[in-house]
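Chemist: Quick check, what structure comes out for this input:
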Amino acid sequence: MSPELAQTMMKPDAIAQELWDRLFEIFQDKKATRAVYLEEQFTSTRLDAFAIVTKYCAHLKNLVDQLTNVGNPVSEQNMVLQLVSGLTKGDYDTIATIIQQSGLLPTFNKAQSQLLLEETLCSPSPFYPNF
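Modeler: Next up is the predicted model:
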């Protein structure tokens, strides 16, 4: 614990439980602030900020894991919805429509797999330049 934090928490004649409760309040406050920041990052993540789909998906998954750690888990459905809403217009329109219009949304891993396949099919082949 930093000296500054210890000074903030200290209170004359306080019992250990009171100090513990004060420490908990300080970190809970930071936890809420962190959750707000992470939620904003999650909802504003777009594929065009990444070189490849794998990095885009990994970034989303990392944000979801961090949100879970601060007590704000993201549902599988919201993960998929964000994955689709952050796609680049044009290149991924077809797969985005397929994912959105399926009876039940696929899992995040399944949607990621579909995007990776689409990326592979849309990428120019080094062996066939006009493919």
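
Chemist: residue ranges with poor pLDDT in the chain?
Modeler: 1-2, 5, 7-9, 27-29, 123-131 (pLDDT under 70).

Chemist: how about the helices in it?
Modeler: 3-9, 16-44, 53-69, 76-85, 93-101, 108-122 (DSSP state H).

Chemist: Now tabulate those in CSV and tack on mean neighbour count.
Modeler: (Glycine included, C-beta is placed from N, CA and C.) Conversion of these to CSV gives the following (neighbours: other Cβ atoms under 10 Å):
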stretch, mean neighbour count
helix 3-9, 11
helix 16-44, 13
helix 53-69, 17
helix 76-85, 18
helix 93-101, 14
helix 108-122, 16
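
Chemist: Pick out the residue nearest the middle of this structure.
Modeler: Leu63 (2.7 Å; Cα atoms, centre = their mean).

Chemist: and that residue, what is it in contact with?
Modeler: Counting by Cβ atoms under 8 Å, 6 or more residues apart in numbering, Leu63 makes contact with Leu38, Gln41, Phe42, Thr45.
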